[in-house]
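>>> sequence and predicted structure are below.
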Amino acid sequence: MQTMDIDKDTYANKPRKKDYIGVTFSANFQWWKRPSGVAAVCLGLLCVLLLAGIIGLSVYYNRIIGHYYSAERFQTSSLNNLTKERDQLKTSYNTLTKERDELQTRYNTLTKERDQLQTRYNTLTKESDQLQNRYNNLTKERDQLQTRYNTLTKGRDQLQTRYNNLTKERDPLQNSYNTLTKERDQLQTSYNNQTKERDQLQTRYNTLTKEKDQLRTSSNTLTKERDQLQTSSNTLTKERDQLQTSYHTLTKEKDQLQTSYNTLTKERDQLQTSYHTLTKEKDQLQTSYNTLTKERDQLQTGYNTLTKERDHLKEELNKQSSGWQKFESSWYYLSTEKKSWTESRQDCLKRGAHLVIINSKKEQEFIHEWSGCLDIYLGFHDTNTEGVWEWINDGALGQSSAPGTTYWRDGEPNDADQGEDCAQLSKKSLQIYCLRPEEQSTMVVSKAWTLHQHFQGFPKASDFHLREETLPQPRDGQVLLEAVFLSVDPYMRPYSQTMMKEGDVMIGSQVAKVIQSYNPSFPVGCHVVSDCGWRSHWVCDGAELTPVLPDWPQDIPLSLALGAIGMPGLTALYGLEEVCEIKKGETLLVNAAAGAVGSVVGQIAKIKGCRVVGCAGTDTKVSYLKQLGFDQVFNYKTVTSLEESLREAAPHGYDCYFENVGGKFSSVVMPQMREYGRIAVCGSISMYNDTTPQTGILSTPQTGKLSTPQTGILSTPQTGLLSTPQTGPYVHTYMIFKQLRMEGFLCARWKHKHQQSLRRLMAWMTEHITGTGPTTSLRGPHLVITATVSGMPDPVKTGTRTHT
Ligand SMILES: NC(=O)C1=CN([C@@H]2O[C@H](COP(=O)(O)OP(=O)(O)OC[C@H]3O[C@@H](n4cnc5c(N)ncnc54)[C@H](OP(=O)(O)O)[C@@H]3O)[C@@H](O)[C@H]2O)C=CC1
Ligand SMILES: C/C=C/C(C)=O
């Protein structure tokens, strides 16, 4: 602590600074110590000095003058000295004046500084007050801190003690910690090294795996590409050779054509001239023609009307001349042949008529009068329900309401002789009585081939048995059929296994003639297709019959209703159009090509503008198929290599394959299908008679597609279609990579369009017969005609179609 006391008396009038605790400031100033004071003093002193100098100089001067008069020579020199001194004094005076001015200037400056200092002093005084306040606050805080400090010091001492204890305990722990840390660090280092090594190995492993996969993929792709390129290369080489040959031929032809072209150009010009002349003439003729056409049409209409009238009159005349009698709008015929009621009914149907139906008493009287002395059978019977009499329904005209019972003879109908189910108009009276319809009729005995035992391998004669059976009399709505053509089809082999039991009549279709009919839809003499099997006769109703197309041309054999214009023709059509969806310009392969289906397949494909390759098993069949217009045909039994022959026939491959044969044949075709090819699986005839499994090789070693043949079971024993399971090729690879579509089908799938399809087939056939169509119009397959002593065809005879 220090006290500064500065001249209390001098500045006693100034306000005293407050004494603060511990520190006291005091500031008292003396005037001489101030710069302005000093300057004033100096200035005063200078003035005094100056005055003293002047006074001294005057005294000195007066002495000199006194001496001057006393000593003349001495006076002159003194004057000069005095002048000198005066000048020196003058100089000193000037110098002092300057110094005074400077001092004045400094005095002014010091005065200013003093004022500034005074201002600062005031400011400092304020600050000092503020500091005093802060000092007081800090002192308080310091005291509080001192208290806290003391408390903390105590706590610190306690902690220091505990710290010292802990330090003692820590040291051994620190040692073991250091040891463990070292061990951990070593382990961590080795762990890190191993992790790195493992990661490097994992990365290398992944890289290698990827490389291996990529290599495998590339290897597969390359192998495929190589194979495809090899195939393409072979194909291209062949094509190139063929093109080379074609090129030479074409060059020659081009030269010839050029010559022809020149000649033709000349001729064309001449023709052009003629053409213009002729065009004019044609226009004139066209006008005349139009006029004549109109006149002709009018005449034609007149002619048609007259023709109809003439035909009607002729018909009436014919009828009259052949014994027919007209009454009102109906015609009547009186047969004098003696027949039973049933036979007479048939006889009427054959003549396009029916037994008499009486609609009025007037009509009955006419018949009685006209028939003279003859009894007349009426179309009136209760054969369907005993006691319920009804008029026959043998034609559109044959329906009427029943006559009044008054016309029955007394006591009739009495069924006196049991089975008196039909009516007769008495010759003696106008009355009606009943009689037995079977009188004088004969029963029909049918012959039928039955399946004596199921086939094992190829069918044998001993597998069949010929049986006779007496047929029932056809009833209303029924017909009696007589077989005209029977069909022997491949499907009978597999179907017999599933659909037939031993002793059944063989399944099959036939063209039959209606020889008795009680069904107006099938009059006597018409032909139908029936699925009644291998029988000579059959009684059935119309539900299961298909009439052969109406207006069947006389020059087209009816047997074709079982062939080209029947089920096989329909199968060919549907397989091509619905399954293969064949298009103009495509190449088709068909096997069993000379068969009922195959021959139509090839012909329809030609009609559609396709290129057709066919295979058959004899040279005769090959010639036949060439006649039908097939582009390429070969005998698959005699060629050296089926694969080569197929490739030669269609070097670019096949768009459509109509499969009739199956088995190994099919496995050779598969590799030759073109991309997006379609395969219609119609039949598999090569396998129907199998007793041992077949194996198939999908491709020959040249193609290199499969190193070893694979086998598979095509059918399971449950289906019973085959006596023993067959093995065959796996086609999947070709199906996938060529994106093939293979579809099995049965002709019946499109049953709803059979009638219109048959008409299309008939139209194609008619075009051929009449020569109006293209040369590719349809022709029917050949028939094999067989007869046996039994009167029934021999079912084992080789050949595809059988004619009774
Ligand atoms: N899915 C369906 O709806 C239908 C299918 N089909 C099937 O169509 C195919 C042909 O029937 P279709 O024309 O009526 O038959 P066909 O009886 O008219 O002709 C069959 C021909 O097949 C050939 N053939 C027979 N056996 C073999 C064999 N083991 N290997 C190779 N070829 C053989 C023979 O000709 P070649 O001398 O030339 O070898 C034979 O002439 C059959 O497979 C049949 O099952 C028939 C109708 C309907
Ligand atoms: C309807 C005919 C079928 C076979 C497979 O021939």
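That came through, no problem. Numbers count the residues shown, from 1 in each chain. Ligands and ions are numbered 1, 2, ... in the order given.

>>> in this structure residue 563 contacts residue 570, no?
No: counting by CB atoms under 8 Å, residue 563 does not reach residue 570; the two are 10.6 Å apart. To be clear about C-beta, it is placed using only N, CA and C from the backbone, and glycine gets the same treatment.

>>> what's the neighbour count on the closest residue to ligand 2 within the chain?
The chain approaches ligand 2 most closely through residue 491 (3.0 Å), counting by CB to the nearest ligand atom. The number of residues packed near residue 491 is 17, by other CB atoms under 10 Å.

>>> check contacts around it.
Listed by CB atoms under 8 Å, 6 or more residues apart in numbering, the contact set of residue 491 reads residue 683.

>>> can you give me the pLDDT of it?
Here the pLDDT value assigned to residue 491 is 94.

>>> ok, residue 531 next?
95.

>>> got it, and the one 3 residues further on?
For residue 534, the model assigns a pLDDT of 96.

>>> show me which residues of the stretch 651-800 of the chain are close to ligand 2?
683, 746-747 (CB under 6 Å from any ligand atom).

>>> again, only using 5 Å
Proximity of the stretch 651-800 of the chain to ligand 2, by CB under 5 Å from any ligand atom, involves residues residue 683.

>>> which parts of the stretch 651-800 of the chain are helices?
663-669, 685-688, 732-737, 754-770 (DSSP state H, counting those that start in this stretch).

>>> the second one close to ligand 1?
What it means is helix 685-688. Yes: counting by CB under 5 Å from any ligand atom, contacts between helix 685-688 and ligand 1 involve 685-686.

>>> packing partners of that helix?
Applying 3 or more CB pairs under 8 Å, 6 or more residues apart in numbering; DSSP states H and E, one finds that helix 685-688 contacts helix 663-669.

>>> now the helix it packs on: mean pLDDT?
So the average pLDDT for helix 663-669 ends up being 91.

>>> packing partners for it?
By 3+ CB pairs under 8 Å, 6+ apart, helix 663-669 packs against helix 642-649, strand 654-659, helix 685-688.

>>> what's the nearest residue to the closest residue to ligand 1 within the chain if we skip its chain neighbours?
Here the chain gets closest to ligand 1 at one residue, residue 683, 1.9 Å apart by CB to the nearest ligand atom. Once flanking residues are discounted, residue 683 sits nearest to residue 660: 4.6 Å by CB to CB, 6 or more residues apart in numbering.

>>> pretty sure that neighbour is touching residue 590, no?
Yes: under the criterion of CB under 8 Å, residue 660 is in contact with residue 590, at a separation of 7.0 Å.

>>> which residues do these two both contact?
With CB under 8 Å, 6+ apart, residue 660 and residue 590 have common neighbours residue 598.

>>> what about residue 273, neighbour count?
Count around residue 273 with other CB under 10 Å applied: 10.

>>> what residues does it make contact with?
By CB under 8 Å, 6+ apart, residue 273 has no neighbours at all.

>>> that one and residue 285, how far apart?
Per CB to CB, to the nearest Å, residue 273 is found 19 Å from residue 285.

>>> how near is the residue of the chain closest to ligand 1 to residue 566?
16 Å.

>>> swap in residue 139?
Distance from residue 139 to residue 566, by CB to CB: 136 Å.

>>> could you verify my assumption that residue 333 touches residue 324?
Yes: with contact defined as CB under 8 Å, residue 333 reaches residue 324; the gap is 5.1 Å.

>>> in terms of neighbours, single out the busier of these two.
Just comparing residue 333 and residue 324: by other CB under 10 Å the higher neighbour count belongs to residue 324, 17 against 14.

>>> tell me who's in contact with that one.
331-333.

>>> distance from stretch 157-165 to the middle of the chain?
89 Å (CA atoms, centre = their mean, to the nearest Å).

>>> average pLDDT across it?
Rounded mean pLDDT across stretch 157-165 is 89.

>>> now stretch 303-315
87.

>>> give me the residues contacting that stretch.
Under CB under 8 Å, 6+ apart, the answer for stretch 303-315 is an empty list.

>>> close to ligand 2: what parts of the protein are there?
491, 683.

>>> switch to 8 Å and redo it
489-491, 494-495, 567, 571, 682-685, 746-748 (CB under 8 Å from any ligand atom).

>>> tell me which helix or strand comes right after the helix or strand where residue 147 lies.
Element membership for residue 147, per DSSP states H and E: helix 72-321. Counting by DSSP H and E, the element after helix 72-321 in chain order, helix or strand, is strand 324-327.

>>> circling back to that earlier point, which of the residues of the chain next to ligand 2 sit farthest apart?
685 and 748 (18.6 Å; CB to CB).

>>> please say which of these two ends up with more neighbours.
Neighbours were counted for residue 685 and for residue 748 using other CB under 10 Å; residue 685 has more, 21 against 11.

>>> surely the more buried one meets residue 665?
No: Residue 685 is not in contact with residue 665 according to CB under 8 Å; the separation is 9.9 Å.

>>> the residue of the chain closest to ligand 1: what's it in contact with?
Counting by CB under 8 Å, 6+ apart, the residues that residue 683 touches are 490-491, 592, 597, 659-662.

>>> about what we covered before: which among the residues of the chain next to ligand 2 end up buried?
489-491, 494, 567, 571, 682-685, 747 (16 or more other CB atoms under 10 Å).

>>> point out where the stretch 1-150 of the chain drops to low pLDDT.
1-40, 42, 58-75 (pLDDT under 70).
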